[in-house]
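Colleague: Sequence unavailable; structure follows:
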């Protein structure tokens with residue numbers, strides 16, 4: 001299997017970090033320190049080396065260090081299949097995110113051809129009890145790792161959906177307007193549904209082949225709607241729903257209404273009805289399956305970001321969870337509030353302590 005490592009990271013005017021240079025030599029990097037000192041900011045910077053807004057979903061202009069007056073910039077060196085690649089991400093003069101690889105400008109989607117980056121954050125703990133839109137975004141983010149075109153499809157679909165909803169609100173009588181936008185929705189919507197289901201099938205396949213589950217529950221994973229057989233079928237569904245949509249002033253059918261359903265297989269209980277601890281274990285199980293599927297599909301593991309993961313698991317279960325990820329040779333970046341947590345983490349760890357001083361994050365490499 002090919003390797004994937006982040007070897008160097010430089011942050012300039014990014015969040016709480018005015019200037020930070022880090023070199024990584026381990027497969028497990030751990031950042032410890034009190035809340036609010038900039039640990040998650042480093043993980044967020046790494047997450048931005050993938051398409052989109054990163055693990056916080058922040059506006060790109062909000063990433064600038066307070067009162068710096070300068071644009072933020074991220075520089076990295078990744079080792080991909082024994083080849084060193086320089087990647088720089090920053091803002092141009094118009095405030096737009098741009099990408100340079102080995103000094104040459106590239107479209108952001110090009111990053112998905114090089115590697116995959118996935119993450120877990122404390123906000124995801126409420127995934128199963130939150131709204132269906134949160135679970136769709138969670139699933140679509142994963143799908144984009146397997147099908148880069150899915151990201152553009154979701155944007156096009158959302159734009160077309162807004163057009164149709166505007167026609168509904170304005171009580172448009174010209175059916176030609178509806179038909180034009182519905183054809184686009186049907187064509188893209190069918191592809192979105194197809195990609196989502198293919199990724200779910202991959203996760204199910206990974207689960208069947210897992211040799212050691214540990215504390216992680218077996219999952220039932222599905223969508224709450226029937227598969228869309230063709231774009232023609234979806235187009236017909238939009239047309240049939242038009243009258244009820246006119247009354248509601250919004251589109252009531254389509255893949256934008258689909259929900260991701262996950263349940264505890266042994267107990268036969270939906271995730272939203274499980275205990276808080278079980279909900280967490282269901283999320284971790286889903287995450288491991290995603291990591292395994294990416295590793296198998298592309299021949300190299302993703303880079304994994306774990307924000308405050310130590311606080312949510314006991315020692316034994318944390319060890320099992322991390323070992324599953326380490327077994328696929330993934331490089332892991334994790335954060336925690338207490339350096340004492342290092343005792344239950346892998347022995348070949350590279351650790352940093354972070355504190356706040358003079359309106360800036362201070363990062364120190366710990367001696368093993």
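Modeller: Structure's in. What do you need? Note that the structure is a prediction, hence the values are computed from the model and not measured.
Colleague: which ones are touching the residue lying closest to residue 78 once chain neighbours are set aside?
Modeller: What sits nearest to residue 78 in space, not counting adjacent residues and going by C-beta to C-beta, 6 or more residues apart in numbering, is residue 85, at 5.1 Å. No exception for glycine: its C-beta is placed from N, CA and C like everyone else's. Residue 85 is in contact with 77, 78, 79, 101, 102, 114, counting by C-beta atoms under 8 Å, 6 or more residues apart in numbering.
Colleague: Ramachandran coordinates for the fifth one?
Modeller: Dihedral pair for residue 102: phi 50, psi 40, per degrees, to the nearest 10.
Colleague: From residue 86, how far out is it?
Modeller: Residue 102 sits at a distance of 5 Å from residue 86 (criterion: C-beta to C-beta, to the nearest Å).
Colleague: quick revisit: show me the contacts of residue 85 that map onto strands.
Modeller: 77, 78, 79, 101 (DSSP state E).
Colleague: Need the max-distance pair from these.
Modeller: Spatial extent of the ones in strands among the contacts of residue 85 (C-beta to C-beta) is set by the pair 79 and 101 at 13.9 Å.
Colleague: Assumed residue 334 was part of a strand.
Modeller: Yes - Residue 334: assigned to a strand according to DSSP: H, G, I helix; E, B strand; the rest coil.
Colleague: I'd guessed it sits against residue 303; true?
Modeller: No - using C-beta atoms under 8 Å, residue 334 is not in contact with residue 303; the gap is 11.9 Å.
Colleague: List the buried residues in stretch 126-144.
Modeller: Going by neighbour count (16 or more other C-beta atoms under 10 Å), the buried part of stretch 126-144 is 127, 128, 134, 135, 136, 138, 139, 140, 141, 142, 143, 144.
Colleague: That stretch - what's its average pLDDT?
Modeller: Per-residue pLDDT over stretch 126-144 has a mean of 94.
Colleague: ok so, going back, higher neighbour count, residue 102 and residue 86?
Modeller: residue 86 (14 against 10; other C-beta atoms under 10 Å).
Colleague: What residues does the more buried one make contact with?
Modeller: Contacts of residue 86 by C-beta under 8 Å, 6+ apart are 75, 76, 77, 101, 102, 103.
Colleague: ok, now residue 28?
Modeller: By C-beta under 8 Å, 6+ apart, the contact set of residue 28 is 322, 326, 331, 332, 334, 345, 346, 348, 349, 350.
Colleague: ok, back up a step: for the contacts of residue 85, give me JSON lines that also has pLDDT and distance to residue 50.
Modeller: Output for these, formatted as JSON lines (pLDDT from 0 to 100; distance: C-beta to C-beta, whole Å):
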{"residue": "77", "pLDDT": "96", "distance to residue 50": "16"}
{"residue": "78", "pLDDT": "95", "distance to residue 50": "12"}
{"residue": "79", "pLDDT": "92", "distance to residue 50": "17"}
{"residue": "101", "pLDDT": "94", "distance to residue 50": "14"}
{"residue": "102", "pLDDT": "93", "distance to residue 50": "18"}
{"residue": "114", "pLDDT": "85", "distance to residue 50": "10"}
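Colleague: so residue 305 sits right up against residue 118, yeah?
Modeller: Yes - with contact defined as C-beta under 8 Å, residue 305 counts as touching residue 118 (7.3 Å).
Colleague: More neighbours: these two, which one.
Modeller: Between residue 305 and residue 118, counted using other C-beta under 10 Å, residue 305 has the larger neighbour count: 24 against 21.
Colleague: Please give me every residue in contact with the more buried one.
Modeller: Neighbours of residue 305 in contact, by C-beta under 8 Å, 6+ apart: 43, 46, 47, 55, 117, 118, 119, 120, 332, 333, 334.
Colleague: Of the contacts of residue 28, which count as buried by neighbour count?
Modeller: Here, 16+ other C-beta under 10 Å leaves 322, 326, 331, 332, 334, 345, 349, 350 buried among the contacts of residue 28.
Colleague: tell me which of the buried residues of stretch 126-144 is nearest to residue 177?
Modeller: The closest of these, once distances to residue 177 are taken by C-beta to C-beta, is residue 136, at 26.8 Å.
Colleague: Give the phi and psi angles for that closest one, as a check.
Modeller: Main-chain torsions, residue 136, degrees, to the nearest 10: phi -60, psi -40.
Colleague: which ones are touching it?
Modeller: 256, 258, 259, 260.
Colleague: where along the stretch 51-200 of the chain do the helices fall?
Modeller: In the stretch 51-200 of the chain, the helices defined using DSSP state H, counting those that start in this stretch lie at 111-114, 132-146, 149-169, 175-209.
Colleague: could you redo the contacts of residue 28 as JSON lines and give each row distance to residue 238?
Modeller: Listed next are the contacts of residue 28 as JSON lines, based on distance: C-beta to C-beta, whole Å:
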{"residue": "322", "distance to residue 238": "46"}
{"residue": "326", "distance to residue 238": "47"}
{"residue": "331", "distance to residue 238": "44"}
{"residue": "332", "distance to residue 238": "44"}
{"residue": "334", "distance to residue 238": "45"}
{"residue": "345", "distance to residue 238": "51"}
{"residue": "346", "distance to residue 238": "52"}
{"residue": "348", "distance to residue 238": "55"}
{"residue": "349", "distance to residue 238": "53"}
{"residue": "350", "distance to residue 238": "53"}
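Colleague: Are there helices or strands packed against the lowest-mean-pLDDT helix or strand in the chain, and which ones?
Modeller: Ranked by mean pLDDT, DSSP states H and E, the helix or strand of the chain with the weakest confidence is helix 315-326, at a mean of 80. If contacts are counted by 3 or more C-beta pairs under 8 Å, 6 or more residues apart in numbering; DSSP states H and E, helix 315-326 sits against helix 276-298, strand 332-336.
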